[in-house]
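J.: Need the 3D shape of this:
(chains A, B, C and D)
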Protein chains: 2
Amino acid sequence: MEKQNIPDIVIERLPVYLQALNQLLREGQAVVSSAELGHLVDVSAAQIRKDLSYFGGFGKQGSGYNVISLIDNLRAILHLNQIWPVVIIGVGNLGQALLRYQGFARKGFEIVLACDNNPDLVGTTISGLKISDVRNLAEDLRLLNIRVAILTVPAECAQNVTDMLVSYGIKAILNYAPLVLKVPESVHVINIDPVVKLQTLTYYLETED
Amino acid sequence: MEKQNIPDIVIERLPVYLQALNQLLREGQAVVSSAELGHLVDVSAAQIRKDLSYFGGFGKQGSGYNVISLIDNLRAILHLNQIWPVVIIGVGNLGQALLRYQGFARKGFEIVLACDNNPDLVGTTISGLKISDVRNLAEDLRLLNIRVAILTVPAECAQNVTDMLVSYGIKAILNYAPLVLKVPESVHVINIDPVVKLQTLTYYLETED
DNA sequence: TACTGATTGTTAAAGGAGTGACAGGATGAA
DNA sequence: TTCATCCTGTCACTCCTTTAACAATCAGTA
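T.: Numbers count the residues shown, from 1 in each chain, chains lettered A, B, ... in the order given. Take a look at the predicted model:
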């Protein structure tokens, strides 16, 4: 209902706010002002208030935002009140590292499936999860009701794999492969190729070397 | 000289264009139109022409852009005509995966230093590189003339490590730690916490589960 | 209760970014 | 050479995002 009118860029900031709020919670802070939160995440206070006001008035004049309650609201907005089952496609270096990463579980995600096409890998266990054969992907995804995928395969097969994922009902892809994936409008993709990000950074560096 | 007036968002698109152009080069295509390139990277043709025109007229009316020459120009703009030495700070799962990743070398970067504070790791060799003690960081960075860092340490120590890096002359940080780093204006940071990206994606998913 | 200080939600204005349209140059064919 | 076609670079316009300002409201104190 609310979805269509709210800019993507606002949505991208919400998880960052959530991150900072969780830190405040750990430190035992009960209330935070837009100015203080803005300082933590490097966003202007006015912008934070405007972003949050898209979803309703969560703050209290004179004091600010209740940390716990704002966390709850943001989690609801971002649909983080459930644990999302996630598949990792491609268990190379990066896929294995993500499998071992302990940061997903507490943040609303659980890696419940990891698959590869390498017969040496299929059947082995990494971080408590048995690597599945990509040939079973359709059934695995259906049985586990997975709609979120992390794609860590080589660029050469990334589009093929993506087409499979889309046809099997995947709706969100976190893409580590170095290319722009073609997907239907109903599927959401975020790219995080480290090389692209580094190449953005070097633009700003002096080259007198 | 050109730097100040060009929007960050334009700069962020350039490496993506470069990625697609390299693919065209591998496929042997000599010339590309803004429309075709736009289709590859999911950007409008007008936007590509406008982005490129910030830096000069690289195209030819009637035919389009010469692939090789546009690659050369973009590489120059992004300062990729040199190999940038890079340090990886924190050799946990993710740091090790990035160390083993072969995708940096051909794209303008070389991991020349990896360090950690874990005595069990220091001195071991991963992917041909001997892990250095973080206590030697100041000298290592100076000797190797490193200005680009990849940060893969736990959130708890990320800001401390960042302060060290900044004081030792690091100017660009690719931050995998789940927090917003505080740095001086002269230092550039890009964040790629996978959890933040996933949490952005789930906003767009139906929650009837 | 009345007053002071603080902070939100909202509105209007300012500032940036994206789009559409087209003049003008390049190419190739007749 | 002339003509028809193609595609860039750019300008004006529209749309989107951010900022600044302030009325409304809350909490604490006297």
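J.: Next secondary structure after the longest helix seen in chain A?
T.: In terms of residue count, the longest helix belonging to chain A (DSSP state H) is helix A:8-26. Note on helix A:8-26: by DSSP states H and E, the next helix or strand toward the C-terminus is strand A:31-32.
J.: strand partners of that next one, parallel vs antiparallel please.
T.: Paired with strand A:31-32 in the same sheet, following DSSP bridges, are strand A:64-66 (antiparallel).
J.: Report whether the partner strand contacts DNA strand C.
T.: Yes - judged by CB under 7 Å from any atom of the strand, strand A:64-66 comes into contact with DNA strand C through A:64, A:65. In short, each C-beta sits where N, CA and C put it, glycine included.
J.: Please work out which residues outside the helix or strand that contains residue A:157 touch it.
T.: Element membership for residue A:157, per DSSP H and E: helix A:155-167. Residues outside helix A:155-167 that contact it (CB atoms under 8 Å, 6 or more residues apart in numbering or on different chains): A:89-90, A:134, A:137-138, A:141, A:149, A:151, A:153, A:173, A:175, A:177-179, A:181-184, A:187.
J.: Just the buried residues from those, in ChimeraX please.
T.: Only the buried entries of the contacts of helix A:155-167 go into this ChimeraX selection, using 16 or more other CB atoms under 10 Å in any protein chain shown:
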select /A:89,90,134,137,141,149,151,153,173,175,177,178,179,181,183,187
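J.: Tell me which entries of the contacts of helix A:155-167 lie within strands.
T.: In this view, those that belong to strands under DSSP state E are A:89, A:149, A:151, A:173, A:175.
J.: Name the nearest of the residues you listed relative to residue A:78.
T.: Closest approach to residue A:78 among the ones in strands among the contacts of helix A:155-167 (CB to CB): residue A:173, at 17.1 Å.
J.: Model confidence for the closest one, exactly?
T.: If you check residue A:173, the pLDDT there is 98.
J.: Check the spacing between residue A:22 and DNA strand D real quick.
T.: The span separating residue A:22 from DNA strand D equals 23 Å under the rule CB to the nearest atom of the strand, to the nearest Å.
J.: what's that residue in contact with, if anything?
T.: Taking CB under 8 Å, 6+ apart, one finds residue A:71 in contact with residue A:22.
J.: which residue sits closest to residue A:11 in space, ignoring its chain neighbours?
T.: Spatial nearest neighbour of residue A:11, excluding adjacent residues (CB to CB, 6 or more residues apart in numbering or on different chains): residue B:203 at 5.0 Å.
J.: close enough to count as contact, the one you found and residue A:80?
T.: No - counting by CB atoms under 8 Å, residue B:203 does not reach residue A:80; the two are 9.1 Å apart.
J.: Any part of stretch A:188-199 near chain B?
T.: Yes - against chain B, stretch A:188-199 shows contacts by CB under 8 Å from any CB of the partner chain at A:188, A:190, A:192, A:193, A:194, A:195, A:196, A:197, A:198, A:199.
J.: Shouldn't the second one be within a strand?
T.: Meaning residue A:190. Yes - Residue A:190: assigned to a strand according to DSSP: H, G, I helix; E, B strand; the rest coil.
J.: Check which helix or strand the closest residue to residue A:97 other than its chain neighbours maps to.
T.: Leaving aside its sequence neighbours, residue A:97 sits nearest to residue B:97 (CB to CB, 6+ apart; 3.5 Å). Element membership for residue B:97, per DSSP H and E: helix B:93-100.
J.: That helix versus helix A:93-100: what angle between them?
T.: Helix B:93-100 runs at 170 degrees relative to helix A:93-100, counting by axes from the mean of the first three to the mean of the last three CA atoms, to 10 degrees.
J.: Please enumerate residues in contact with helix B:93-100?
T.: So helix B:93-100 is contacted by A:93-94, A:96-98, A:100-101, A:194, B:88-89, B:91, B:111, B:114, B:116, B:126-127, B:129, B:150, B:152, B:176 (CB under 8 Å, 6+ apart).
J.: one step back: taking the residues of stretch A:188-199 next to chain B one by one, which sit in strands?
T.: Counting by DSSP E, the residues of stretch A:188-199 next to chain B place A:188, A:190 in strands.
J.: Residue A:15: what's its closest spatial neighbour, skipping adjacent residues?
T.: Closest residue to residue A:15 apart from its sequence neighbours, by CB to CB, 6+ apart: residue B:199 at 3.8 Å.
J.: Point me to the residue of chain A nearest DNA strand D.
T.: In chain A, the residue that lies nearest DNA strand D is residue A:62 (2.4 Å; CB to the nearest atom of the strand).
J.: and that residue, how many neighbours does it have?
T.: Residue A:62 is flanked by 6 other residues according to other CB atoms under 10 Å in any protein chain shown.
J.: most centrally placed residue in chain A?
T.: For chain A, the residue nearest the mean C-alpha position is residue A:174 (6.8 Å; CA atoms, centre = their mean).
J.: Quick one: name the residues of chain A near DNA strand C.
T.: Contact residues, chain A versus DNA strand C (CB under 7 Å from any atom of the strand): A:33-35, A:45-46, A:49-50, A:52-53, A:57-65.
J.: Okay, and which of those residues map to strands?
T.: Those of the residues of chain A next to DNA strand C lying in strands (DSSP E): A:59, A:60, A:64, A:65.
J.: Out of the residues you listed, which end up buried?
T.: Using 16+ other CB under 10 Å, the buried ones in those are A:59, A:64, A:65.
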